[in-house]
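Asker: Fold the following.
(one chain, ligands or ions: 2)
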Amino acid sequence: MIEVDNLVKRFGSKIAVRGVSFTVRNGEIYGLLGPNGSGKSTTMRILAGITPPSEGRVLVEGIDVAENPLEVKKIVGYIPETPALYESLTPMEFFSFVGSIRRVPMEELEDRVERLVKAFGIEEYLGELIGTLSFGTQQKVSIIASLLHDPKVLVLDEAINGLDPKSARIMKELLNDFKKEGKSIVFSTHILAVAEVICGRIGIIYNGELIAEGTPEELKRFAHEESLEDVFLKLTESQEEVSSLIGALREAF
Ligand SMILES: Nc1ncnc2c1ncn2[C@@H]1O[C@H](COP(=O)(O)OP(=O)(O)O)[C@@H](O)[C@H]1O
Ligand SMILES: [Mg+2]
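Answerer: Ligands and ions are numbered 1, 2, ... in the order given. Okay, the predicted model is just below:
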């Protein structure tokens, strides 16, 4: 379970997150949606114990991220927006390294690496240097590495971006399995169709504030819109702007 209460994050005089509160229950996939720069990644870095909050309280499985970020890191699997990998290691070396710092028993580690590598189809790259791999393959390496310690809580920042359709599908199935196991999952994306299918509840974050929350159905009803895309555009005030931009674009051709 993740409990976020009145979270504020400042960078100097800039406020990236302005009093956000939400809860992610066990066995729930919670989607954080919002335009670029709205504070999704900042929020997720705080949930993962990477950056401290400026104000407010965040509990991950009851552990306060401000008081005990190391304990939080132990139980969270975090996939950053941009893969943070060691470019001069091979994926196999990287998995062994992550497994050893995570203290994953050797047999478990080998078993998980084998299954995940097969699921994401990266067998042929295991011996190549990570720095030479494509963005999509690096993303897969990053995903696998984040799952090796079988975390109770998953914080996935745009984790499906950059994946080919087959791997995106596998990722979705994997998330569903994790949900059934009772893990708490926070998932940010700007691909609304993905959020609609995967997430049980969605929070829409705009300019550092949570402006709406609910199941995809509730959000559609609330905004009187047919699709989550329309809800999103309406709530983030982009709808009129998009219409006028499209109008201008049409006139140009
Ligand atoms: N380390 C940082 N220093 C200064 N400003 C930052 C930092 N990280 C994020 N920001 C700012 O905080 C705001 C929210 O960013 P971010 O959380 O990355 O948004 P999102 O993931 O929704 O695109 C942006 O205006 C961004 O420029
Ligand atoms: Mg981001």
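
Asker: contacting residues for the residue nearest to Ala66 when sequence neighbours are not counted?
Answerer: Leaving aside its sequence neighbours, Ala66 sits nearest to Pro52 (C-beta to C-beta, 6 or more residues apart in numbering; 5.4 Å). Where you see a C-beta, it was placed from the backbone N, CA and C, and this is true even at glycine. Listed by C-beta atoms under 8 Å, 6 or more residues apart in numbering, the contact set of Pro52 reads Ile46, Val65, Ala66, Pro69.

Asker: hang on, the third one packs against Pro53?
Answerer: Yes - with the criterion set as C-beta atoms under 8 Å, Ala66 and Pro53 qualify as a contacting pair; they are 5.8 Å apart.

Asker: neighbour-wise, which of those two wins?
Answerer: Pro53 (23 against 16; other C-beta atoms under 10 Å).

Asker: returning to what we had before: from Lys220, how far out is the residue nearest to Ala66?
Answerer: With the distance defined as C-beta to C-beta, to the nearest Å, Pro52 ends up 36 Å from Lys220.

Asker: ok, now which ones touch the closest residue to ligand 2 within the chain?
Answerer: As assessed by C-beta to the ion, ligand 2 sits closest to Ser41 within the chain, at 3.2 Å. Contacts for Ser41 were tallied using C-beta under 8 Å, 6+ apart; they are Pro80, Glu81, Asp157, Ser188.

Asker: Remind me which helix or strand it belongs to.
Answerer: Here Ser41 sits within helix 40-47, counting by DSSP states H and E.

Asker: going on from that helix, what's the next piece of helix or strand?
Answerer: strand 55-60.

Asker: circling back to that earlier point, can you put the contacts of Ser41 in a markdown table and add secondary structure and pLDDT?
Answerer: Putting the contacts of Ser41 into a markdown table (DSSP: H, G, I helix; E, B strand; the rest coil; pLDDT from 0 to 100) gives the following:
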| residue | secondary structure | pLDDT |
| --- | --- | --- |
| Pro80 | coil | 92 |
| Glu81 | coil | 89 |
| Asp157 | strand | 95 |
| Ser188 | strand | 93 |
